[in-house]
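Q: Fold the stuff below for me.
(4 chains)
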2 protein chains.
Amino acid sequence: MFRTTKNIYRALADSTRREILNLLSKGEQTQSDIVKEFNISQPAINKQLKILKEEGFIHVRKSGRYRYYSLERETFEVAYRQMVGEIGTMLDQTLMDLKHYVENKEEDDD
Amino acid sequence: MFRTTKNIYRALADSTRREILNLLSKGEQTQSDIVKEFNISQPAINKQLKILKEEGFIHVRKSGRYRYYSLERETFEVAYRQMVGEIGTMLDQTLMDLKHYVENKEEDDD
DNA sequence: ATTATACATAACCGAATGGTTATATAATAT
DNA sequence: ATATTATATAACCATTCGGTTATGTATAAT
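A: Down below sits the predicted model:
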């Protein structure tokens, strides 16, 4: 009932992944470029890239021995909008609830 | 560099927790009320509530043997804004990048 | 006083996470 | 042909996660 097609929540759950996305948002990067930006091993980065790819947030372009990673902007944006919508709704509802509470302050009976 | 004060990403990572938040957004609920809404055990819900509380997204009011849970609207909203800001920036940057790419289509040399 | 209800907590469990090291493979450079 | 570089993959490990059952404790109801 609450799952987005692409699980943006999973993608964003880890800080390394968020930083990778942030990095890629500045432009295409090879895997080794990305690895250089972190203090963790190449296989560790590779795994996180795999998860981001699984969830559809990034895209790989192969060229020679290089892999160029970039944001899958479309997917990302759609998922993002959905997430913002969901959470936004919750916040709206709390306002509604507060409004209801204020309005019915005196008459506790319904 | 990328961590919010309250870890909204962690809070939202699990679908049960998101559903709890959604439920609470409609108004205060006792723990047993919440338990009834799910197919999982009371201790399981209790654990998720503990995490949401840890991250500051909900609040408990004790009354008799009941625990009334409600959204900590303030924290939630601040974290939400921050998250939207962070991700929004990423998306803006990809636009920027795209713009740069489009503008420099013909001249690959900078 | 006894029973029922709401919640808390402990012990346990399997699976997923997020990293590691070691090693293989593929492409490039020398 | 050999060495180097980029990436992939396997095996391993500790921790976290998200649930379970069992049981304890506090409050309320009978």
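
Q: how about the worst-scoring helix or strand of chain A on mean pLDDT: buried residues?
A: One helix or strand of chain A scores below all others by mean pLDDT, DSSP states H and E: helix A:73-103, with a mean of 81. Across helix A:73-103, burial judged by 16 or more other Cβ atoms under 10 Å in any protein chain shown covers A:73, A:75-80, A:83-84, A:86-87, A:90-91, A:93-94, A:97. From N, CA and C alone the C-beta is placed, and that goes for glycine too.

Q: out of those, what pair is the most spread apart?
A: The largest separation in the buried residues of helix A:73-103, counting by Cβ to Cβ, is between A:R73 and A:D97 at 35.8 Å.

Q: what about A:N39, how many neighbours?
A: Look at A:N39: counted by other Cβ atoms under 10 Å in any protein chain shown, it has 6 neighbours.

Q: still on that earlier bit, in terms of secondary structure, what does the least confident helix or strand of chain A contact?
A: Here helix A:73-103 is seen to pack against helix A:8-13, helix B:15-25, helix B:73-103 when contacts are counted using 3 or more Cβ pairs under 8 Å, 6 or more residues apart in numbering or on different chains; DSSP states H and E.

Q: try 6 Å
A: Applying 3 or more Cβ pairs under 6 Å, 6 or more residues apart in numbering or on different chains; DSSP states H and E, we find helix A:73-103 packed against helix B:15-25, helix B:73-103.
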